[in-house]
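**Q** sequence unknown, structure follows:
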């Protein structure tokens, strides 16, 4: 991406696999997406599952505008467990760097979730993503 150019990337949060149990028997997972220190997207939560599937109704799809006004180096996906009465529990996180986003082909990619320490894998927990350069049709559909 050149300095004066803005590029749109279409990103889909597809599903989670083998997420940790945060409540008694399950979790109510949702994903918070940050670029730099700014939250740019949030899915709705999926009730009582450790293998959620996010849909359009659950806010799975969004556009990321990459350009000179947004110099962050990576997109961070934080998976949390929704709790109505207490703080939402951290389930894991993963990231995708800027260059990888731009080169994406739209194929499903499984990303290992990492613990809050930034190093330790969260068992076999995964977040499934798809991303690619957005077409004009994608931009008008998502907006």
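**A** Looks like it came in fine. Fair warning: this is a prediction, and the values are worked out from it, not measured in the lab.
**Q** What residues sit buried inside the strand ranked longest in the chain?
**A** Criterion DSSP state E: the longest strand present in the chain is strand 121-133. Residues 122, 125, 126, 127, 128, 129, 130, 131, 132, 133 are the ones in strand 121-133 that count as buried (16 or more other Cβ atoms under 10 Å). (Each C-beta comes from the backbone N, C-alpha and C, glycine too.)
**Q** going on from it, what's the next piece of helix or strand?
**A** Sequence-wise, the next helix or strand downstream of strand 121-133 (DSSP states H and E) is helix 136-142.
**Q** for the residue nearest to residue 94 when sequence neighbours are not counted, what are its contacts?
**A** Leaving aside its sequence neighbours, residue 94 sits nearest to residue 111 (Cβ to Cβ, 6 or more residues apart in numbering; 4.0 Å). Residue 111 makes contact with 77, 94, 96, 126, 127, 128, 129 under the criterion Cβ atoms under 8 Å, 6 or more residues apart in numbering.
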